[in-house]
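Chemist: have a look at this prediction, sequence included:
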Amino acid sequence: MDKLKKYFRYLLLFILMYITVTLITALGMRKQKEDFTCDIVGNQKYSIEVEDANSSNLGGQINVKVTNKTGEIQTDKYLKIDLYDENSLVKTKYQEIKYLNIDETNRFEIIFEEKNINRGIISVVDDIEGENKEEIKKEISGKYIEYDYTKDQDAARVAVPIFAMIGAILFI
């Protein structure tokens, strides 16, 4: 009977530690991401709506909806995103809009590696601006693979409590 009570205490301790570590991990992950504002620069031709924009010390993402209001089919346009920190322009990102039918809405998820972004400016442009047009076009065409940090954060939410419990069991 004493052995059964001992195992029951270990089980309760295990469950309590799992809940504690899970809560601490969730609170820590929640504090990392911060929303930021995106200004829309454009004309009456396109309706641009920012659904979500957040940044952290690992990178960030912007979810955007673009609707064609020109009355014509639009091809080979670019969504231009200027990313700013507190002081200056950090990077300009482009997302290709290959085809946009009349009154069609496309959603875009722009993932960036730049840290602690505070503001973004979004517009639709006809061509890539700047000196590195070919490099940017290669990056957009899929030869350059973006890294999605949100997958790491989701994995950490699961892995950290498990490893903490294993460590707790080993040290008991």
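Modeler: Thanks, I have the structure now.
Chemist: list the contacts of the most centrally placed residue in the chain.
Modeler: In the chain, the C-alpha closest to the average C-alpha coordinate belongs to residue 61, at a distance of 3.1 Å (Cα atoms, centre = their mean). Contact analysis of residue 61 by Cβ atoms under 8 Å, 6 or more residues apart in numbering lists 52-54, 109-112, 150. C-betas here are computed from N, CA, C, even on glycine.
Chemist: out of the residues you listed, who has the most neighbours?
Modeler: residue 53 (22 neighbours; other Cβ atoms under 10 Å).
Chemist: check the gap between that residue and residue 38 for me.
Modeler: Residue 53 sits 5 Å away from residue 38, going by Cβ to Cβ, to the nearest Å.
Chemist: cool, residue 21 as well?
Modeler: 35 Å.
Chemist: quick one: low-confidence ranges for this protein?
Modeler: 29-32, 43, 133-159, 171-172 (pLDDT under 70).
Chemist: in the host helix or strand of the residue nearest to the centre of the chain, which residues are buried?
Modeler: If you go by DSSP states H and E, residue 61 is part of strand 60-68. Neighbour-count burial for strand 60-68 flags 60-62, 64, 66, 68 (criterion: 16 or more other Cβ atoms under 10 Å).
Chemist: ok, so of those residues, who is nearest residue 92?
Modeler: residue 62 (13.0 Å; Cβ to Cβ).
Chemist: identify the residues contacting that closest one.
Modeler: By Cβ under 8 Å, 6+ apart, the neighbours of residue 62 are 38, 50, 52-53, 81, 109-110, 112, 120, 122.
Chemist: just residue 60 next, same as before
Modeler: By Cβ under 8 Å, 6+ apart, the contact list for residue 60 reads 33, 36, 53-54, 111-112, 114, 117.
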